[in-house]
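In: Would you be able to build a 3D model of this:
(chains A, B and C)
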Amino acid sequence: MGRSPCCEKAHTNKGAWTKEEDDRLVAYIRAHGEGCWRSLPKAAGLLRCGKSCRLRWINYLRPDLKRGNFTEEEDELIIKLHSLLGNKWSLIAGRLPGRTDNEIKNYWNTHIRRKLLSRGIDPTTHRSINDGTASQDQVTTISFSNANSKEEDTKHKVAVDIMIKEENSPVQERCPDLNLDLKISPPCQQQINYHQENLKTGGRNGSSTLCFVCRLGIQNSKDCSCSDGVGN
DNA sequence: AAAGTTCCCAACCGCAGGCCC
DNA sequence: AGGGCCTGCGGTTGGGAACTT
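Out: Next up, the predicted model:
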């Protein structure tokens, strides 16, 4: 189908944003909220296309952005999530509060990729570079049942089964609360709300420690191994 | 100190998918 | 049911900063 351009290119600015443009965008979103990106530039008096405004807001101007260097724990979490999800940067970013998909993608390409290579691990497959097999100390198996079927693939947006088997993982040693034996199943909204709240508070609401499944927000009651059994 | 090279990250581009009419 | 619009995503690029020669 014919796709119309997202904006009138001839009358839009490109490249780096100025302070004034930032101020205008922030002021407009504070007053009217996010959304309607296509009409936002005109309404806010910006000579930018909607996509550019959205990107600028999400990646740079949002007040909840963390910014600053990634911590070692974030590094390992990104590596773990990437081994599970691949280049699904938005999903990975969703598990790292205050980080954006673009930021994580850049960080992966500039730092983590190199870090894994120096460990002798292929950053794409997460397997040992030397012999093509899984690295000696880390075995990750991800199984999407009937992933070849397009129909089934769609269903996976609702129901994804991931079986991970990790033995003697160094990550687990560093992060002893990570339960790496997990499955992903249809989300239960109630559980997600509970766990998302826990994510926000860092689990300080209660006395429990979140298992890896819950940290991902993709847990189900069967495989959630939180100490207080919140899945029930 | 200057020139050349590499690194990093903000921003852009094109595509896919969901939604609405 | 299907076409068009809008949003979001992932890959790529451009240019400034940092580093090296």
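In: Show me where chain A has its helices.
Out: Applying DSSP state H to chain A gives helices spanning A:19-32, A:40-44, A:50-56, A:72-85, A:89-94, A:101-107, A:113-118, A:150-155, A:170-174, A:189-201, A:212-216.
In: could you say what helices and strands the second one packs with?
Out: Contacts of helix A:40-44 with other secondary structure elements, assessed using 3 or more CB pairs under 8 Å, 6 or more residues apart in numbering; DSSP states H and E, are made with helix A:19-32, helix A:50-56. Just so you know, the C-beta spots here come from the backbone N, C-alpha and C atoms, and that holds for glycine as well.
In: can you redo those as JSON lines with mean neighbour count and distance to residue A:104?
Out: Below are those laid out as JSON lines (neighbours: other CB atoms under 10 Å; distance: least, CB to CB, whole Å):
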{"stretch": "helix A:19-32", "mean neighbour count": "14", "distance to residue A:104": "22"}
{"stretch": "helix A:50-56", "mean neighbour count": "19", "distance to residue A:104": "15"}
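In: could you dump those helices to JSON lines with distance to DNA strand C?
Out: Shown next, in JSON lines, are the helices and strands packed on helix A:40-44 (distance: least, CB to the nearest atom of the strand, whole Å):
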{"stretch": "helix A:19-32", "distance to DNA strand C": "12"}
{"stretch": "helix A:50-56", "distance to DNA strand C": "5"}
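In: Nearest to residue A:72, out of the ones you listed?
Out: helix A:50-56 (28.6 Å; CB to CB).
In: Render the CA-only coordinates of that closest one in PDB, please.
Out: Extracted in PDB, the C-alpha atoms of helix A:50-56 (Å, rounded to 0.1, in the frame of the first residue of the first chain):
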ATOM      1  CA  GLY A  50       6.300  13.900  14.700                       C
ATOM      2  CA  LYS A  51       8.700  11.000  14.700                       C
ATOM      3  CA  SER A  52      11.600  13.300  15.600                       C
ATOM      4  CA  CYS A  53       9.600  14.800  18.400                       C
ATOM      5  CA  ARG A  54       8.700  11.400  19.800                       C
ATOM      6  CA  LEU A  55      12.300  10.200  19.600                       C
ATOM      7  CA  ARG A  56      13.600  13.400  21.300                       C
END
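In: Done for today, thanks.
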